[in-house]
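1. following is a predicted model, sequence given first.
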Amino acid sequence: MASNQGFSSQGLDTFKTEFRKLVDDGKLPSVVTLISRNGHIVNHEAYGVLDVSQPDVPAQIDSIYRIASMTKPVAGVAMMILWEEGKWAMEDPIAKHIPEFDGLQVKQEGVLVPQDSPMNMKQLMSHTAGFDRSSAYSDLNLRDGDLQSMINKLSKEPLAFQPGKDWRYGPSVDIQGYLVEKLSGQGLDEFLQQRLFGPLKMTDTGFWIDESKRSRVSRIHKYDDSRKLMASGDSNVLNTKKPRFLSGGGGLVSKIEDYWRFCQMLLNGGEMDGQRYLKTSTVELMHKSVLEPGVNVTLYSPHTRGLGFGMDFAVIEDAQAAKTSQGVQSFYWGGFFGTWFWIDPLNQMIVIGFIQLVDGTKPDGAPEVRELSAKLAYQAMER
């Protein structure tokens, strides 16, 4: 590691101590963390075990975790690569690229009405196109089949709100994955490998892993009724061959340094190790909110304020209103099993953490690791 890049050694030690304590107290099975500033990694640590039922297998800094919805920003970058190539435009009606969605009606106060204006690509990139929350489609089993099957199912369902008038976290990025395939003529896995993972040296990131890497993968865990950690069985699915459904919304596994290289490319304005992936102006567009006035990012609470949403990234617009210690203008997301990250352009900082718990992102599903890491990271910053 390089110098501390403006962090105090004591502050970084406190960060490490507090996260180790979560493991020692039985609140987390393992945690891998990474902090960088100005392109230099100052914290990169793994602590705990990959499976509480096998306590002799420690987590390592190159252990592999399911990053779930942290796949979404990756799919978003793929979409923006195609946007730069002129394959789509922000104001394009989605139906221009997905004819199956032409003429979808909106369920409004129990009756079906036409769209006030056609849902467009910018809205698809920001969860405001009109699609409902994922839970509303649970009976449709959208991921049971291939990407075209998902489109066919959604084409028979009404929209949940008028395009642009609400924010709901649903299938939008899986739809983006379908569009990457259609607009590029490649499989989503092939496009990501060729345009991002290969050049960025993200050697352990993909929709499946080689069988030889299985021992490096964290088990998914959950709490029993007494809040004691236990290995989870049903949700421990791991693909060792190409899955039929390539989920741009949540299908990737990764190791933390791989994801850091992705984040650092964005913090660098679309460039990494001398290779350009996106224009700087495109990256800036990705973390500039496109929400209409009065539309709020309400993932876990209808009362959430202070957040904007750009192209597959949430943005901290008012840290106090958002009740977060993350820096203003930071852009971020997280994953269902508790993985988290943010990119702070004002402080040239990236913070990433990997855990693996069922409902790990929900406020009652795991310790508040994002807020703890933010509080400790900014406290450790001296300049």
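-> Nice, thanks for sending it over.

2. residues touching the closest residue to Asp210 other than its chain neighbours, list them.
-> The shortest distance from Asp210 to any non-neighbouring residue, by C-beta to C-beta, 6 or more residues apart in numbering, is to Thr240 (7.2 Å). (C-beta placed from N, C-alpha, C; glycine too.) Contact partners of Thr240, counting by C-beta atoms under 8 Å, 6 or more residues apart in numbering, are 208-211, 214.

3. need the three-state assignment for Ile352.
-> strand (DSSP: H, G, I helix; E, B strand; the rest coil).

4. right, and it touches Trp340 too?
-> Yes - counting by C-beta atoms under 8 Å, Ile352 touches Trp340, with 7.3 Å between them.

5. higher neighbour count, those two?
-> When Ile352 and Trp340 are compared on other C-beta atoms under 10 Å, the one with more neighbours turns out to be Ile352, at 27 against 23.

6. that one pairs with what?
-> Beta-bridge partners recorded for Ile352 (DSSP bridges): Leu34, Phe341.

7. that one and Lys241, how far apart?
-> Noted for Ile352: a distance of 28 Å to Lys241, by C-beta to C-beta, to the nearest Å.

8. on the three-state scheme, Leu372 is what?
-> helix.

9. for the nearest residue to it once chain neighbours are set aside, phi and psi?
-> Distances taken as C-beta to C-beta, 6+ apart place Glu18 nearest to Leu372, at 6.4 Å, with adjacent residues excluded. Backbone torsions of Glu18, given as degrees, to the nearest 10, read phi -70, psi -40.

10. Glu18 and Val369 touch, don't they?
-> No - the pair Glu18 and Val369 does not pass the contact test of C-beta under 8 Å, sitting 9.9 Å apart.

11. looking at these two, which is more packed in?
-> Val369 (25 against 14).

12. Thr282 is in contact with Glu84, correct?
-> Yes - at 5.9 Å, Glu84 counts as touching Thr282 under the criterion of C-beta under 8 Å.

13. so which of those two has more stuff around it?
-> Each of Glu84 and Thr282 has its neighbours counted (other C-beta under 10 Å); Thr282 has more, 17 against 14.

14. return the distance of that one relative to Trp83.
-> Distance from Thr282 to Trp83, by C-beta to C-beta: 7 Å.

15. what's the answer for Lys96, then?
-> Lys96 is 14 Å from Trp83, by C-beta to C-beta.

16. between these two, which is the more surrounded one?
-> A side-by-side neighbour count of Lys96 and Trp83, using other C-beta under 10 Å, places Trp83 first with 21 against 14.

17. what pLDDT does the model give the more buried one?
-> With respect to pLDDT, Trp83 has a value of 98.

18. next, it: phi, psi?
-> The phi/psi pair for Trp83 (degrees, to the nearest 10) is phi -60, psi -50.

19. for the chain, what spans make up the helices?
-> 9-24, 71-84, 94-97, 121-124, 147-154, 172-184, 188-192, 256-267, 280-286, 319-322, 369-380 (DSSP state H).

20. could you dump those helices into TSV and include distance to Gly130?
-> Shown next, in TSV, are the helices of the chain (distance: least, C-beta to C-beta, whole Å):
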stretch	distance to Gly130
helix 9-24	39
helix 71-84	18
helix 94-97	9
helix 121-124	7
helix 147-154	11
helix 172-184	10
helix 188-192	23
helix 256-267	28
helix 280-286	21
helix 319-322	25
helix 369-380	29
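
21. between these, which one is nearest to Pro345?
-> Set against Pro345 and scored by C-beta to C-beta, the helices of the chain come closest in helix 256-267, at 6.5 Å.

22. now the closest one against helix 71-84, angle please.
-> Relative orientation of helix 256-267 versus helix 71-84 (axes from the mean of the first three to the mean of the last three C-alpha atoms, to 10 degrees): 40 degrees.
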